[in-house]
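# would you be able to build a 3D model of this:
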Amino acid sequence: MAPSKTVSLTPGKRVLFLTRDPELIRRQLRGELDLRMADVKVEDLLDDVNTDAMTPAWACFDYKPEDIARNAYSGITIAGERLFPEGSLIAGNFEVIVSGYRKGVGSSRETAVQAEKWSGIRIAIAASFAPIHARNNVAQGVLMGDHAVLRRLQDGEAVPLSEFTKGWDPITVQVIEHGGLFAFTRALAEGQVTLPPPSTPARPMNIAEKVLARHVRGAQGDVFVKPGDAVCVSVDGGYSHDFTSAQVHYFLEQEYGADYRPAAPQRFAAFEDHLIYSESLPKMGPFLPKIQVQRDMQRVFIRHSGVQDYSAKDGVSPGICHTIARERMIEPGDFIQATDSHTCMGGSLNSLAYGVGATEYAALLYSGFTFVEVPESIRFELEGALRPGVTAKDVMLHILATFAKRQDTLDRVMEFGGPGLASLSPDERATLANMATECSAKAGVCEADEAMLDWLIERRPGADRAKLRARCVSADPGATYAGGVHLIDLSQIRPMVAHPGDPDRGIPSDPTNGAFVDELGDVRIDIAYGGSCTAGKEVDLDLYAQVMAEADKAGRRVAGGVEFFIQFGSAAVEEYARERGYLKLFERTGVKLIKPGCGACIGCGPGISTNREQVTVSAINRNYQNRSGPGKLYLASPLTVAASAVTGKISAYAEGMFAG
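Alright, predicted model coming up:
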C-alpha cells in the first residue's frame, strides 16, 4: 500500500537517537529516556554507522527478515558486550532511528535495512546516507529524512511526503510514493505508472554516463544522459552468493510465485565463497545449522532459476565471486549488478558495476532491467609511476584519507584514467575499483587499454580482440565531473597504514626512513593476513612472494608469535602461484596457505582475531569493529603485510630490509 501524502509520527511510538554516548542508547532501549532533536546536536550522534554494525555477518545467517530483526545492531559492542541486546530494537517500540553522517557505509547487505524495518522502523534520519544503503531503504519502503525534518515531526507537524522524496529522480520518487520497489514494479506492470523517456540533448559524457546511455531500454537512436536523469536500463549480468541467494530466492517466491522464472538466467551466477570456511571456526558452531540452510537454499535457487553454478566441489570453492566475475563473466562496457558491495571491482574492466540489495537484485534478475538515477562522477587523473614498495592499495588508502573523508567521493562514480593508470597492472587497477565502495562511492571504473584487453584475452580462450575493443568506453572530451578532476602523482604516494575502525584513517610512512613509527608507534602484531577479493589476486601473490623470497634469502621467516595467512582469490590464482613456485616458498618461510574464499575478510575463516588484545595487519578492504574478529585490525598493502609478518611489527617494506 502506498504511503499517504503526508508523514506524521504515530502516537505512542518512539524515536531512537544513536548517540556517541552508549549509556544514552542503553537508557533509550530500556525505556528510561526519550530525546528530542531540539535538544541533541548532530555532532553528538554516531557517524559512519556501518552495515556490519547493524547486521554483522553471523546475523545474516538467517534469511527471513523477521528473524534477522532480532539481532539488529548486534555488531556494536562495548567491552565485548552487545550494546543492543537481542530483540531490544523490536521491544523498544521505535519507528524512527537517528544518526549522523554517512549512515550505512560498508557492505551492501540489505539485511541492515531489514533489521530496522522489521523492528518497526519506518523512518531513518541522518545527515547523509551511503549510496547502496540509501537504495536499499528505497527498495524496502523505509523513508529517509534529515534532522530538520525530524524536528518538524517531533513538533507534531504532518510533513508532506515530498520532503522525503526531494532530491530523488522521478522514477525513485514514484518508488518511494508506492512504498517500495516491488509495489512500484507491480504498479508499472499494471499500467498505473509510466516511465519518463530520456530527454537530455547531445552532450559530452564520461564513462559511467556512456555505459548507462548504451543500456537505456526502448531508446531509438543515440541516447544522452546527465546526472540526475532517471532511466530504465538493461542489465548485462550479475551474481549472488551463499550469504544472499537464499533471500533472493525467498523474495522472488514471495513476489512472483513459486514458479517464477528469470528473464535471462545464463547471464547471472551464484557463488559459494563467503561461508566456505565457517566450519573451521569454533565460534561458528552454534550457527552451522543456519549456514547449512543458506547453502541448501542456494542450491535450490540455482536449480530453480538456472543461473550459473559456482558451488564448492569437495568442500573447495572455485573462488571469490568478484575475482571469478573478472576472470570469466564481465566484459568492457557492461552494466553489472550483484548482491555485494565489492561488485564495483568489475569496473577495472571498463564496465560499470556496483552492489545492490536482495530486493533490487531479485527484481532485476526476474525482469532483466532496473531503474537508475544517473550518478555524478569524480575523476582521478593519474600520472607518473609508483615508487618501489608502493602499491595500488596505498593509492586507495591515500584517496580514502584525503577525498573520501571529506565526502568528495560520496555516491559518485570514481573514474580512473590518465597516463599513470597504464603503469598499473590490470590486477592493481582492480584494487582501485574494488575499494571505491570503501569511499562510499557508487562505483569505480577504469579507462581501457591494450594491457586490459591482453589480460582478458589470456583468460577467455577464443575471445575476439576487435569485438572487445569495440565494447570499450572512453570519456568524451569536455565530459563533466561534478566531483572535479583530481591529479594524483603516483610517484608521491608513500606506503600507507589505516588505523583500526575505518579505512579512511590512513597515515603515510615517514619519508626519511620508510617507517610508520612517528605517527603509528611500535605496533607489535599477532596476525598478518593476505587475501580477499582486494588482495588475493595474481599480482598480490607476486608481492607476497617478493617479500618472502627476500626474507628466505636472508635466512628469515615469519616472526615467532605471528601467524601469516595467505588466501587465494580463486583456483586460477592458486594455480598461478603453484606454477611460479610460490607455494613451496610460502611453506618454507612459515606462511599458512588457505584455499580460495572470502574467509577472514568477513570474520568467517582462518586469520580472524579471537580476542580484543590481538593485533592484525591485513590487506583486506575494510577494518570496521568486529569485521575480522574482536581485535585491532590495521589495513595495509600486501607488501606491508608480508614485511610486517617477518619483522613481527607493522613495517613498511623496503628492498633489502632483511639483509645483514
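# from D39, how far off is Q28?
Going from Q28 to D39 by C-beta to C-beta, to the nearest Å gives 13 Å. Where you see a C-beta, it was placed from the backbone N, CA and C, and this is true even at glycine.
# who has more neighbours, those two?
Relative neighbour count places Q28 above the other of Q28 and D39, with 21 against 9, counting by other C-beta atoms under 10 Å.
# any idea which element the nearest residue to that one once chain neighbours are set aside lies in?
Spatially, and ignoring its direct neighbours in sequence, Q28 is nearest to L16 (5.6 Å; C-beta to C-beta, 6 or more residues apart in numbering). Under the assignment given by DSSP states H and E, the secondary-structure element containing L16 is strand 14-17.
# and that strand, how far out from the chain's middle?
Relative to the chain's own centre, strand 14-17 is displaced by 28 Å; criterion: C-alpha atoms, centre = their mean, to the nearest Å.
# for stretch 259-273, same thing?
Using C-alpha atoms, centre = their mean, the mean C-alpha position of stretch 259-273 is found 21 Å from that of the whole chain.
# one step back: contacts only, for the residue nearest to Q28.
Shown here is L16, whose contacts under the criterion C-beta atoms under 8 Å, 6 or more residues apart in numbering are I25, Q28, L29, L89, G92, F94, V96, I97, V98.
# same list, these, but as JSON lines with secondary structure and distance to E550 please.
Compiled in JSON lines, the contacts of L16 are given as follows (DSSP: H, G, I helix; E, B strand; the rest coil; distance: C-beta to C-beta, whole Å):
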{"residue": "I25", "secondary structure": "helix", "distance to E550": "49"}
{"residue": "Q28", "secondary structure": "helix", "distance to E550": "55"}
{"residue": "L29", "secondary structure": "helix", "distance to E550": "53"}
{"residue": "L89", "secondary structure": "helix", "distance to E550": "51"}
{"residue": "G92", "secondary structure": "coil", "distance to E550": "56"}
{"residue": "F94", "secondary structure": "strand", "distance to E550": "56"}
{"residue": "V96", "secondary structure": "strand", "distance to E550": "57"}
{"residue": "I97", "secondary structure": "strand", "distance to E550": "51"}
{"residue": "V98", "secondary structure": "strand", "distance to E550": "52"}
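# save the residues you listed as JSON lines, and put in distance to V485 too.
Shown next, in JSON lines, are the contacts of L16 (distance: C-beta to C-beta, whole Å):
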{"residue": "I25", "distance to V485": "42"}
{"residue": "Q28", "distance to V485": "45"}
{"residue": "L29", "distance to V485": "47"}
{"residue": "L89", "distance to V485": "43"}
{"residue": "G92", "distance to V485": "47"}
{"residue": "F94", "distance to V485": "44"}
{"residue": "V96", "distance to V485": "40"}
{"residue": "I97", "distance to V485": "37"}
{"residue": "V98", "distance to V485": "36"}
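# tell me the one of the residues you listed nearest M435?
Of all the contacts of L16, the one with the least separation from M435 (C-beta to C-beta) is I97, at 28.0 Å.
# I'd say Y529 and G607 touch.
Yes: with contact defined as C-beta atoms under 8 Å, Y529 and G607 form a contacting pair (4.3 Å).
# between those two, tell me which one has more neighbours.
Neighbours per residue (other C-beta under 10 Å) separate Y529 from G607, with Y529 holding more: 30 against 27.
# I'd like the average pLDDT over the helix or strand hosting the more buried one.
Secondary-structure assignment from DSSP H and E places Y529 in strand 527-530. Averaging the model's pLDDT scores along strand 527-530 yields 98.
# which other helices and strands does the following helix or strand past that strand contact?
The first helix or strand that comes after strand 527-530 along the chain, using DSSP H and E, is helix 532-535. With contacts defined as 3 or more C-beta pairs under 8 Å, 6 or more residues apart in numbering; DSSP states H and E, helix 532-535 has these neighbours: helix 321-324, helix 426-434.
# what's the pLDDT at the closest residue to R102 other than its chain neighbours?
Leaving aside its chain neighbours, R102 sits nearest to D48 (5.0 Å; criterion: C-beta to C-beta, 6+ apart). Looking at D48, its pLDDT is 92.
# hang on, D48 in a strand?
No: counting by DSSP: H, G, I helix; E, B strand; the rest coil, D48 is not found in a strand; it is coil.
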